[in-house]
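S.K.: let's see this in three dimensions:
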Amino acid sequence: MPGTSTPPKEDMEFSKKTSFKLPDSVTSIWITDNNHGDSTELIIGSGEQTLARWANGAQTRLSPAMINDERAQYGPVLELELLNLAVADPQSPFATYGQQQDLALTWASIYALWLHPGHRDDDLIAISVEEKRVGEYIQNTGLGVISPFSTGTSTRDTVFWLGREAFWQGAGAPDSQHWLQSRPEVTSFPGFNGTMGVFPSQLGFTRKGNVCTVHP
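M.R.: Numbering: from 1, shown residues only. A predicted model of the protein is given here:
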């Protein structure tokens, strides 16, 4: 499985670390800023290990098409890079996921991104990923959608929109880490969304009119 080696610690300047535990109440994750020059990237790790990074990419539109151009909001595309996946490290908090380690780490990296002080109040975040399989996982589990303004023809150049509501409703969560449960549902990625489907199932009714809704 492709991976990138961890950058030397002496090249990193860490600050503003946010630490939290995953829903299993065991796995500890942290995210912090890595400032170098005029750019800032976000580093995700566990204990002494560096697991992934979010790097600032090109600017992209964050507002839907119905918003006029002069009122539209723009922001950077955060590029996800998963580190050290080519190394079979039994100490990795995601080693037990085997061939699904990249997907579990992607989910944890997105979790960390939503908890970062710079993004915890965002409703939408634009990202890109390196691997086609990771992009399919984001789409198929409901974690994100391809931006309607994405013009990329390769996986690396494709812009995904992550939605706050989708994540906190449990989309894409590993079965061992999810915090919501619902009906079992077949998934293209065994071990993810297996106990709750893309979203938790909710029935809703109105007091007036013959309307019945089901979510999703």
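S.K.: buried stuff in stretch 93-103?
M.R.: 93, 94, 97, 100, 101, 102, 103 (16 or more other C-beta atoms under 10 Å). C-beta: built from backbone N, CA, C; applies to glycine.
S.K.: mind naming the longest helix for this structure?
M.R.: helix 101-115 (DSSP state H).
S.K.: buried stuff in that one?
M.R.: Within helix 101-115, judged by 16+ other C-beta under 10 Å, the buried ones are 101-114.
S.K.: which residues touch stretch 63-70?
M.R.: 71, 72, 73, 148, 149 (C-beta atoms under 8 Å, 6 or more residues apart in numbering).
S.K.: which parts of the chain are helices?
M.R.: 101-115, 132-140, 164-168.
S.K.: can you name every helix or strand that the second one contacts?
M.R.: The helices and strands touching helix 132-140, judged by 3 or more C-beta pairs under 8 Å, 6 or more residues apart in numbering; DSSP states H and E, are helix 101-115, strand 144-146, strand 160-163.
S.K.: who are the packing partners of the second one?
M.R.: Applying 3+ C-beta pairs under 8 Å, 6+ apart, one finds that strand 144-146 makes contact with helix 132-140, strand 160-163.
S.K.: so how far is it from its chain's centroid?
M.R.: 11 Å (C-alpha atoms, centre = their mean, to the nearest Å).
S.K.: now do stretch 145-164
M.R.: The answer for stretch 145-164 is 13 Å, by C-alpha atoms, centre = their mean.
S.K.: got the buried residues for that stretch?
M.R.: Buried, per 16+ other C-beta under 10 Å, within stretch 145-164: 147, 150, 158, 159, 160, 161, 162, 163.
S.K.: thought residue 178 was touching residue 170?
M.R.: Yes: when contacts are counted by C-beta atoms under 8 Å, residue 178 is listed as touching residue 170 (5.1 Å).
S.K.: circling back to that earlier point, switch the helices and strands packed on helix 132-140 over to CSV; also include mean pLDDT and distance to residue 65.
M.R.: Output for the helices and strands packed on helix 132-140, formatted as CSV (pLDDT from 0 to 100; distance: least, C-beta to C-beta, whole Å):
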stretch, mean pLDDT, distance to residue 65
helix 101-115, 95, 24
strand 144-146, 94, 13
strand 160-163, 96, 12
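S.K.: mind listing what's buried in stretch 61-80?
M.R.: Per 16+ other C-beta under 10 Å, stretch 61-80 contains these buried residues: 61, 62, 75, 76, 77, 78, 79, 80.
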